[in-house]
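Student: Give me the fold of what follows.
(chains A, B, C and D)
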Protein chains: 2
Amino acid sequence: MKRSYDQFCGLAKALDVVGERWTLLIVRNLLLGPQRYSDLLRDLPGITTNLLAQRLQEMEAQGIIEKSDAYRLTPLGLALEPAIHALGRWGFRRMRAPARGEYRSFALLAVALRRRYRRNATLRAEVVADGVPYRFTLTKARAEIGRGDMPSPDVKLTGPGKSLARLFLDEKRQMPADVIAEGKASAVRALLSAFAASDD
Amino acid sequence: MKRSYDQFCGLAKALDVVGERWTLLIVRNLLLGPQRYSDLLRDLPGITTNLLAQRLQEMEAQGIIEKSDAYRLTPLGLALEPAIHALGRWGFRRMRAPARGEYRSFALLAVALRRRYRRNATLRAEVVADGVPYRFTLTKARAEIGRGDMPSPDVKLTGPGKSLARLFLDEKRQMPADVIAEGKASAVRALLSAFAASDD
DNA sequence: CAGGATCCGCCGCGATACTG
DNA sequence: CAGTATCGCGGCGGATCCTG
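Tutor: This is a model prediction of the structure:
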């Protein structure tokens, strides 16, 4: 009984399923790994409880996510990643410096880093931003970045999310004073230079 | 004064601008070239006149389209093409055979062909579907497909949109009886084999 | 307290009629 | 041909209320 564009067209079919408000942002947040209802609610400021619950139901019915303990992307949902990156790249080009009151988080940067990976690094790293661990698995072809810790990483960076963001975004890659870097200096350099500072 | 996700994130910024209903479908239709108000209204079944007018105003204010005689994409609007293709590819994977009452047109196929181009052909063609001409300019890197005729093409195909669609979509590439092909047989073959029949 | 469900008010959207 | 005006509904936002 849902509203549909009713066109024999891939784009129209995609928008029939993921074109409604919040849906693609939920997928984006799940790209970093499974999340609980309360995690999604916290990391999607402005969404209401009823709408989040409704979206999750619809997405599960569409086969985009599945619920076990937490909500996680199915392979079909994960296949939205190229579209999310393409839209993100377009939106990034028109972004200005963050406005006051605009929501920021290291998780949002982590998603952007997934698409900015330059390739050809081989490295396992852990980045702990504001106490939340992220694991970076860089292979020749792609970067797997998600929440969770990484056993015996080549590099470990620990610090405030703000400083870590500056470290990854600033072309100069100067280590801020409040970031602790563990591991070989060459590996630290390899990690930081594996991602483009910008992507437009 | 519009509703915004208010997140420092490329995806959220993109959806702030093109996330509302119909917007990306309008961009898709303009990928084939400038269109007048009545063309858009006719080719977007279900949209209402007020909503089309409102969207066009918003898109012009955002710098995605510009209005002169007709509406045309700006470079910024054209930059949405990769995102549209990525979403279209995802949506195509879940498509079934066209349902009854579903809107179809050769123009929708033409957009899909833009993304299915296999590269490495060099060819100028004109395809006249149901009396409406489309020009195909295939270069090594990309396919430029739009409305309008093509002076002195290497190949010219004329016929009902339905038969032309079958010709491009069927792996066997058998020429239907009601399609007239002009040009060298090798060029006709080159045109048809330049596009993947499917894209998933 | 996590994980929702319920109620209400508004505005984005759909349908139709009308205008320069 | 290219829109504007009006109206009603449903999707969405805000707040509150269950329920294990």
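
Student: CA atoms for contacts and neighbours, from now on please.
Tutor: Noted.

Student: helix/strand/coil for residue A:72?
Tutor: What DSSP: H, G, I helix; E, B strand; the rest coil gives for residue A:72 is strand.

Student: Check residue A:146 too.
Tutor: strand.

Student: That one: what's it in contact with?
Tutor: A:31-33, A:110, A:134-136 (CA atoms under 8 Å, 6 or more residues apart in numbering or on different chains).

Student: Could you say which helix or strand holds residue A:110?
Tutor: Taking DSSP states H and E as the criterion, residue A:110 maps to helix A:106-116.

Student: any idea how far residue B:130 is from residue A:57?
Tutor: 43 Å (CA to CA, to the nearest Å).

Student: Of the contacts of residue A:146, just say which sits nearest to DNA strand D.
Tutor: Comparing the contacts of residue A:146 against DNA strand D with CA to the nearest atom of the strand places residue A:31 closest, at 21.0 Å.

Student: Tell me the pLDDT of that closest one.
Tutor: Residue A:31 carries a pLDDT score of 97 in this model.

Student: who's in contact with it?
Tutor: A:73, A:78, A:81, A:111, A:146.

Student: at 10 Å what do you get?
Tutor: Residue A:31 makes contacts with A:25, A:72-73, A:77-78, A:80-81, A:84, A:107, A:110-111, A:114, A:144-147, as judged by CA atoms under 10 Å, 6 or more residues apart in numbering or on different chains.

Student: can you list the residues that contact stretch A:72-81?
Tutor: With CA under 10 Å, 6+ apart, stretch A:72-81 has contacts from A:14, A:18, A:24, A:26-36, A:59-60, A:62-67, A:87, A:111, A:114-115, B:86-87, B:89-91, B:93-94.

Student: How far away from the center of its chain is it?
Tutor: Averaging C-alpha positions (CA atoms, centre = their mean, to the nearest Å) puts stretch A:72-81 13 Å from its chain's average.

Student: Same question for stretch A:34-52.
Tutor: Distance, centroid of stretch A:34-52 to centroid of chain: 15 Å (CA atoms, centre = their mean).

Student: How much space separates the spatially most central residue of chain A from DNA strand D?
Tutor: In chain A, the centroid-proximal residue (CA atoms, centre = their mean) is residue A:111; its distance is 2.3 Å. Applying CA to the nearest atom of the strand, to the nearest Å, the value for residue A:111 to DNA strand D is 22 Å.

Student: Retrieve the pLDDT associated with that residue.
Tutor: pLDDT at residue A:111 comes out at 96.

Student: follow-up on the earlier one: tell me how far the helix or strand that the helix holding residue A:110 is followed by is from the chain's mean position?
Tutor: Using DSSP H and E, the helix or strand that follows helix A:106-116 in sequence is strand A:123-129. Remark: strand A:123-129 is offset 14 Å from the chain centroid, using CA atoms, centre = their mean.

Student: Just give the strands next to strand A:123-129 in its sheet, each with its orientation.
Tutor: strand A:132-138 (antiparallel), strand A:155-159 (parallel) (DSSP bridges).

Student: In contact with the residue nearest to the centre of chain A, which residues?
Tutor: Counted by CA under 10 Å, 6+ apart, residue A:111 has contacts A:28-32, A:81, A:84-85, A:88, A:144-146, B:9-11.

Student: Who's the closest spatial neighbour of residue A:67, skipping the chain neighbours?
Tutor: residue A:60 (7.5 Å; CA to CA, 6 or more residues apart in numbering or on different chains).

Student: ok, that neighbour to DNA strand D distance?
Tutor: 15 Å.
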